[in-house]
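Enquirer: How does the following fold in three dimensions:
(2 chains)
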2 protein chains.
Amino acid sequence: MFADNPTDIVAGNQHWGHATSKDLYHWVNQPIALFPDKKGDGIFSGSAVIDVNNTSGFFPNQADGVVAIYTLNTVQEQTQEIAYSKDGGYSFTKYDGNPVISINSTQFRDPKVIWYAPTSRWVMVIAYSQEYTIGVYTSPNLKDWTHASNFSHYGLLGLQYECPNLVSIPMQGTTEQFYLLSISINPGAPLGGSITQYFPGHFNGTHFTPVDGAARLTDFGKDNYAGQFFFGTPDNQPPIGIAWASNWEYSQSVPTGQLEDWRSAMSLPRAYELTNATRRPYQLISKPYDLTPLYTSQLASSSSLANGTVLIDYSHIPSGALYFRATISHIPFINTTGTANFTFTSSTTGESLRGGFFLGGDALFWLDRSGIRGFAENPFFTDKFSTSNPIEASGEWAVEGVVDRSVLEVFLDGGVQSATVVCFPEGRLDGMGWVTGGLNDGVEVGLEVWGLESGW
Amino acid sequence: MFADNPTDIVAGNQHWGHATSKDLYHWVNQPIALFPDKKGDGIFSGSAVIDVNNTSGFFPNQADGVVAIYTLNTVQEQTQEIAYSKDGGYSFTKYDGNPVISINSTQFRDPKVIWYAPTSRWVMVIAYSQEYTIGVYTSPNLKDWTHASNFSHYGLLGLQYECPNLVSIPMQGTTEQFYLLSISINPGAPLGGSITQYFPGHFNGTHFTPVDGAARLTDFGKDNYAGQFFFGTPDNQPPIGIAWASNWEYSQSVPTGQLEDWRSAMSLPRAYELTNATRRPYQLISKPYDLTPLYTSQLASSSSLANGTVLIDYSHIPSGALYFRATISHIPFINTTGTANFTFTSSTTGESLRGGFFLGGDALFWLDRSGIRGFAENPFFTDKFSTSNPIEASGEWAVEGVVDRSVLEVFLDGGVQSATVVCFPEGRLDGMGWVTGGLNDGVEVGLEVWGLESGW
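Expert: So this is what the prediction gives:
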């Protein structure tokens, strides 16, 4: 479920939209899940849980009752409310004891609730937005909430905290389990507008303690905001999250709306873990959630390319969406320099969306959407993004990603860096080029490309 | 003094260059201050102090002895050395007991030394770069150093910490004094490459404790790195700092070098204070250090403009440099929307460098260097920068700044936000436009513009 305006293509009149999926890629639209009762009010962000043990008392004879926890936004106040569903989340009834939390604030929103088994309590994280504070509340029954602690003034402040999430997350390659607190900030992100940061740490049922004082961002692009983790995935497995692929600086004016009757898209669903590499302590790893259900035709597969060019025409892929993975391997270790670049082009307009590695040392990786015409004039639509990539023990640099019409998502070096970047080509992107040059002898280049099925 | 390569226009063969000034704007080049003894070695960043009390013993009969503390970079190690000057800093003799600190590390550099009167000790902050740690050392005499504490894994990590600075700094409008720890990161800054972050806090002679866990950046542009505070400015007055106006992502390839025989420039000298506004807790304020010595002709002065356009031809200003200050006043409070934009243009090439406010709520402010031809194709040369500006108690939005051929620096709302942005116009910028539109009745616009004298 997601915040949605059913009557317009800009924010306002906020409802909870609803869609269902069995694989997180093919979605079926459902009727609106939650309506505000009064004109001018809005159902803002929140979360949903399955109340297996009927702690709420809403579900006397079932183990699959769903409770939604959300912010009701009115002119006077932002309060937290709940609604329950006895039909597996298709239709909801608002609790007659709402609000369940009211603190007389207009800047108090976006409750995310999880179940914390060791104390048999529900735990809510929620933003006191303009106080740069995440509140932790606990409840035995989803109705009665007790304030337990605050996590305050950590990381990048922006001008507001929004959409906190708390989730159990494994350390890759170990049996260690941590908690991850993510906080979205908007406005005031370093690249402008909105972005998501995260804090690896420990949670004891009432207090979150980060492993260190570092601020870490989920993405080096600027179109990944308000990410939510799904409820109920097993501990010791990577939690799955999905975000909004846009930025409040321009989300309401991007040119999708008039043509498609929708304005924004969600990011890929991603699976998350932590790593603890020397140069990347407690870094979040993200990878696309299993894409194989979408694979159609394989368009390239080679593990032994060297300096050279690969050109792929994918105009015959109906969805216009591709998955690609490219590697530059330097095993045994070769301290190569050179470049390894990809370009997505439109055969009708000549537009291009580009990116690549500038190799050597802490290799730079860049993305450039300045070759796409649509929306390029908007002064907030930053054109170029970049990050750096130390040589990891893996002995290779790697980029994988999905380009899907108006969204490009890339994942570097096994997901230790990622970026979500939207763009609005006037002509459909239908060609991919992969060009490497200046690599030392012995460096091997691999490339794998798949056409992807439409999610519609 | 500054890191310099006297034999080329890229980094390497690092010496300490030297220039002197009475007003921080007019500089006289001096002979190179410090040379490495061996080919392949480098004199890296550091700092200098005046040893008034002859704690070092280098200056038996004088109170103006200067000691430089720097990193000697060799293939094997980065060690800390000192050199002393008996002629006011013009010529230096290396201490024969060097190195003064050696820990057998290749990633240990950039010592910044201050005097801490309560303990009568010199205090050094220095980066264990790839361990994301700032070490604090103390010394009675600048020769014998004792490790006192570490400040580790705070703020944005990038891939390296560099150039830490520790300085006493006042809280604006109070008699309260804090310490500011600044840390430069490179590579891996949020906008790519290098940037400077800071931590307001307390220092007791051995340990630095930040006021909170927040990460704060000095600039919303990407060309402000390795800033250094001058030694010996009085407590209770704003410390003065100067930074390098570039970014390692492209500093070695920008097109200044071939024409001018230099490659990079320094930022404006800035005076710094802290503020503690509700939406901007413990935010650093920076303003250009007194520019009035540079004022030549006044090109605009009005406090009662409204919606409209002001065009200024400044082709007759020999330096090509301008100071400007624009205000949008909403006293009594008027929740205005609208735009207030400036454009610097070249009459010969039509190039433009633009910026402005997108007003309303937490007003957005943007800069766009995409209209400048030179270097625009470089994939790391980010075109657009932006930030947000809550309505402050001052009742106005304000932007002031200096445009000086290849560098634009802007300061918003009294300096609570700032950006340093380099650009390389093919034609000299010689016109300024200031355009406001959509402002509510009663909103007043002010504009003041001065031509500036050359610093050469």
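
Enquirer: how about the helices in the stretch 151-300 of chain A?
Expert: Here the stretch 151-300 of chain A has its helices, by DSSP state H, counting those that start in this stretch, at A:257-260.

Enquirer: What residues does it have near chain B?
Expert: Residues of the stretch 151-300 of chain A found near chain B (C-beta under 8 Å from any C-beta of the partner chain) are A:152-159, A:187-193, A:210, A:212-217, A:220, A:249, A:278-279, A:281. No exception for glycine: its C-beta is placed from N, CA and C like everyone else's.

Enquirer: Where does A:G46 sit, in terms of helix or strand?
Expert: A:G46 belongs to strand A:42-50 when elements are defined using DSSP states H and E.

Enquirer: got the contact list for A:P390?
Expert: A:P390 makes contact with A:R279, A:R280, A:D362, A:A363, B:L159, according to C-beta atoms under 8 Å, 6 or more residues apart in numbering or on different chains.

Enquirer: Contacts only, for the first one.
Expert: Think A:R279. Counting by C-beta under 8 Å, 6+ apart, A:R279 makes contact with A:P390, B:Q130, B:L159.

Enquirer: Quickly note the distance from the nearest residue to the second one once chain neighbours are set aside to B:S302.
Expert: In this case it means B:Q130. Excluding the flanking residues, the one nearest B:Q130 by C-beta to C-beta, 6 or more residues apart in numbering or on different chains is B:Q107, at 4.6 Å. The gap separating B:Q107 from B:S302 is 54 Å, by C-beta to C-beta, to the nearest Å.

Enquirer: For A:A277, list each beta-bridge partner.
Expert: A:R280 (DSSP bridges).

Enquirer: and the closest residue to A:L353 other than its chain neighbours, how many neighbours does it have?
Expert: In space, and not counting its chain neighbours, A:L353 is closest to A:F344: 4.5 Å by C-beta to C-beta, 6+ apart. For A:F344, the count of nearby residues is 24 (other C-beta atoms under 10 Å in any protein chain shown).

Enquirer: Quick one: mean pLDDT for the host helix or strand of A:F344?
Expert: Taking DSSP H and E as the definition, one finds A:F344 inside strand A:338-345. The average of the pLDDT scores along strand A:338-345 is 96.

Enquirer: can you check stretch A:48-59 too?
Expert: In the prediction, stretch A:48-59 has an average pLDDT of 98.

Enquirer: quick one on the thing from earlier: C-alpha coordinates for the strand holding A:G46, CSV please?
Expert: Output in CSV follows, covering the C-alpha atoms of strand A:42-50 (Å, rounded to 0.1, in the frame of the first residue of the first chain):
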residue,chain,number,x,y,z
GLY,A,42,-5.1,13.0,4.4
ILE,A,43,-4.1,9.4,5.1
PHE,A,44,-0.3,9.8,5.2
SER,A,45,2.5,7.2,5.2
GLY,A,46,2.5,4.3,7.6
SER,A,47,2.8,0.5,7.6
ALA,A,48,0.8,-2.7,8.0
VAL,A,49,1.3,-5.8,10.1
ILE,A,50,-0.2,-9.3,10.3
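
Enquirer: any idea how far that strand is from the chain center?
Expert: Counting by C-alpha atoms, centre = their mean, to the nearest Å, strand A:42-50 is centred 17 Å from the centre of its parent chain.

Enquirer: now stretch A:137-152
Expert: How far stretch A:137-152 lies from its chain's middle: 26 Å, per C-alpha atoms, centre = their mean.
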